[in-house]
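J.: heads up, no residue letters with this:
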């Protein structure tokens, strides 16, 4: 089964992310190589699933609406943890899906047919 915990465990190799889920369980990811550290807490189970499905969109939304709270450090520290492990995150199934969909949709978004074009 797809889970945020399994994904983060495989993706974070540099630095450490301590995550408290909505039920209060604490999970620690990374720590294999030294790097930035951050601690976050989820206040809703739905935020965890949304971030798993589309992290680029829903992580920022969860932070803004209070579903993702920084327990230790600042949001900048969380970004540093993810940036230090960027290569692993770029290869995630959800990232591959959303980038492929974006490339296909761009063709229709940027379509400028001759009848609508201005001279």
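T.: Received, thanks. No experiment lies behind these values; they were computed from the predicted model shown.

J.: quick one: low-confidence parts of the protein?
T.: Residues of the chain that meet the criterion pLDDT under 70 lie in 1-2, 90-95, 98, 119.

J.: where is the longest helix in the chain?
T.: helix 93-109 (DSSP state H).

J.: what's the neighbour count on residue 53?
T.: 14 (other Cβ atoms under 10 Å). In this view, the C-beta of every residue, glycine as well, is placed from N, C-alpha and C.

J.: geometric centre of this protein: which residue is closest?
T.: residue 55 (3.0 Å; Cα atoms, centre = their mean).

J.: quick one: it and residue 97 touch, right?
T.: No - counting by Cβ atoms under 8 Å, residue 55 does not reach residue 97; the two are 11.7 Å apart.

J.: so what sits against both of those two?
T.: The contact sets of residue 55 and residue 97 do not overlap (Cβ atoms under 8 Å, 6 or more residues apart in numbering).

J.: for this structure, longest strand please?
T.: What stands out as the longest strand in the chain, according to DSSP state E, is strand 33-42.

J.: what does that strand contact?
T.: 13-22, 48, 62, 67-73, 77-78, 80-81, 84.

J.: in that strand, what counts as buried?
T.: 35-42 (16 or more other Cβ atoms under 10 Å).

J.: ok, then the element right after it?
T.: helix 45-53 (DSSP states H and E).

J.: next, the angle helix 93-109 makes with that next one.
T.: For helix 45-53 against helix 93-109, the angle by axes from the mean of the first three to the mean of the last three Cα atoms, to 10 degrees is 70 degrees.

J.: before I go, just wanted to say thanks for your time.
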